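>>> Below are the sequence and a predicted model; questions follow.
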Amino acid sequence: MADVVLITGASEGIGRATAFTFARQGYRLSLAARTPETLRQTAIDLEQSLNAEVLAVPTDVTQPEQVESWVAKTLERYGRIDCLINNAGICMSGSFLQTTPEHWQQLMAVNFWGYIHTIRAVLPDMLKRKRGQIVNVGSMGGKMPLPNMSAYCASKYAVSGLTEALRLELQPQGIQVIGVHPGIVNSSFLKRALFLDELHPEAASQDALAADGSAREQMEQALQGFWVSQPEEVATAIWEAVRESKSEVVVGMARWAVGAYTLFPGWVGPILQGAPR
Ligand SMILES: NC(=O)c1ccc[n+]([C@@H]2O[C@H](COP(=O)([O-])OP(=O)(O)OC[C@H]3O[C@@H](n4cnc5c(N)ncnc54)[C@H](OP(=O)(O)O)[C@@H]3O)[C@@H](O)[C@H]2O)c1
């Protein structure tokens with residue numbers, strides 16, 4: 001029987017591209033995202049274009065009981081879980097003081113706790129079978145700091161720490177934990193991001209606005225750059241990491257920035273301080 005992969009945030013962007021990539025490799029799919037219409041459309045597209053076997057269950061990863069129900073339905077349908085891809089995430093940009101405790105909680109609930117809930121739900125089956133792969137999609141913002149994104153970076157550094165510690169814990173039990181860290185990706189992610197300077201225009205630095213425009217304008221400019229990846233490139237990196245049992249991958253041009261920061265944090269930090277915000 002073909003292997004089974006679970007993917008969160010599977011209706012759009014990297015998650016949708018990853019579902020197509022794994023379907024082409026013959027995996028049976030179990031897909032989750034909140035919006036039933038886009039999730040159902042992704043399942044239909046996979047079935048019609050690749051004749052893929054798909055279970056699609058509308059699920060909010062911040063709600064542990066919804067995650068448990070999705071995993072239970074997957075086990076009922078397929079009988080096992082070979083690979084979990086934790087991918088659902090949201091983005092937020094703003095200064096530390098613009099970011100309220102509610103914003104921090106909203107971001108951590110998806111980007112960090114969402115990963116905890118899914119791992120807790122799939123692990124008993126993987127441990128029983130002494131085999132499995134867990135891919136945590138992080139970010140270059142979980143490997144190096146990004147200006148005006150302390151909450152997003154904290155959530156993705158938390159994913160990096162979780163990934164590395166869990167890898168040590170689970171490797172002896174036959175379960176592999178992989179970190180995949182994209183740079184800037186041309187999906188709806190940044191367009192859907194919460195830009196806190198739009199909620200507090202009076203608090204945005206007038207000098208910064210005059211020089212660089214709003215954070216949203218800067219993001220739109222950044223998406224024109226040659227360093228931007230497509231969701232399919234990240235999906236391929238995830239598949240190659242799973243196939244080759246890699247521990248960690250930084251995708252695309254981000255690997256140069258992360259490499260430079262890792263080797264020379266004292267030099268790269270000040271450059272980032274001068275970057276547009
Ligand atoms: N795009 C980038 O520039 C970039 C860069 C570095 C890292 N990443 C990481 O890559 C991952 C995917 O990003 P993307 O660019 O593919 O984003 P995207 O295009 O915005 O897609 C996000 C997906 O996650 C789902 N989702 C959001 N909140 C959810 C929740 N609470 N429960 C379940 N599903 C949820 C969305 O569907 P619903 O809204 O219907 O739930 C959608 O399917 C994220 O972890 C992100 O941090 C992205």
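Cool, the structure landed.

>>> what residues does the protein put near the ligand?
8-9, 11-15, 32-35, 38, 59-62, 87-90, 110, 137, 139, 182, 184-185, 187-190, 192, 231 (C-beta under 6 Å from any ligand atom). Placement of C-beta: from N, CA and C, glycine included.

>>> What subset of these is buried?
Neighbour counting by 16 or more other C-beta atoms under 10 Å classes 8-9, 11-15, 32-34, 59-62, 87-90, 110, 137, 139, 182, 184-185, 187, 189-190, 231 among these as buried.

>>> Let's see which of these end up in helices.
Those of these mapping onto helices are 13-15, 231, per DSSP state H.

>>> What residues are bridge-paired with the nearest residue to Glu248 once chain neighbours are set aside?
Take Glu248 and drop its neighbours on the chain: the residue closest to it by C-beta to C-beta, 6 or more residues apart in numbering is Gly179, 4.4 Å away. With DSSP bridges as the criterion, Gly179 is bridged to Asn136, Glu248.

>>> Residue ranges in the stretch 151-277 of the chain under the pLDDT threshold?
Counting by pLDDT under 70, the ranges of the stretch 151-277 of the chain that qualify are 201-213, 274-277.

>>> in it, which spans are helices?
196-199, 206-212, 215-222, 231-243, 254-263, 265-273 (DSSP state H, counting those that start in this stretch).

>>> Would you agree Ala215 is in contact with Leu194?
No: at 10.1 Å, Ala215 does not count as touching Leu194 under the criterion of C-beta atoms under 8 Å.

>>> In terms of neighbours, single out the busier of these two.
Ala215 (25 against 17; other C-beta atoms under 10 Å).

>>> what sits against the more buried one?
93-94, 148, 195, 197-198, 277 (C-beta atoms under 8 Å, 6 or more residues apart in numbering).

>>> Quickly find the element holding the residue lying closest to Ala235 once chain neighbours are set aside.
Among residues not flanking Ala235 along the chain, Ala17 sits closest, at 3.8 Å (C-beta to C-beta, 6+ apart). Taking DSSP states H and E as the definition, Ala17 sits inside helix 13-24.

>>> can you list residues touching both of Ala215 and Leu194?
93-94.

>>> got a list of what the residue nearest to Glu248 touches?
135-136, 138, 159-160, 163-164, 247-249.

>>> same thing but 7 Å
Residues near Gly179 by C-beta atoms under 7 Å, 6 or more residues apart in numbering: 136, 138, 160, 163, 248.

>>> tally of neighbours for the last one?
I take that to be Glu248. 17.

>>> One more: the second one?
Gly138: 27 surrounding residues under other C-beta under 10 Å.

>>> any idea how far it lies from Leu50?
28 Å (C-beta to C-beta, to the nearest Å).

>>> how about the strands of the stretch 51-200 of the chain, start to end?
Using DSSP state E, counting those that start in this stretch, the strands assigned to the stretch 51-200 of the chain run over residues 54-56, 83-86, 92-93, 132-137, 175-181, 194-195.

>>> can you list those in TSV and add distance to Glu102?
Formatted as TSV, those follow (distance: least, C-beta to C-beta, whole Å):
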stretch	distance to Glu102
strand 54-56	30
strand 83-86	23
strand 92-93	11
strand 132-137	24
strand 175-181	27
strand 194-195	11
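
>>> Let me know which of those is tucked in deepest.
The highest mean neighbour count among the strands of the stretch 51-200 of the chain, using mean count of other C-beta atoms under 10 Å, belongs to strand 83-86: a mean of 26.

>>> Out of the helices of the stretch 151-277 of the chain, which one sits most buried?
helix 231-243 comes out most buried of those by mean count of other C-beta under 10 Å, with a mean of 20.

>>> which secondary structure elements does it contact?
Packing contacts for helix 231-243, counted by 3 or more C-beta pairs under 7 Å, 6 or more residues apart in numbering; DSSP states H and E, involve helix 13-24, strand 132-137, strand 175-181.

>>> With distance to Thr262 added, can I get the ones you listed in a markdown table?
Converted to a markdown table, these look like this (distance: least, C-beta to C-beta, whole Å):
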| stretch | distance to Thr262 |
| --- | --- |
| helix 13-24 | 23 |
| strand 132-137 | 19 |
| strand 175-181 | 12 |
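
>>> mind checking which of these is nearest Leu223?
Across the helices and strands packed on helix 231-243, Leu223 has its closest neighbour in helix 13-24 (12.8 Å, C-beta to C-beta).
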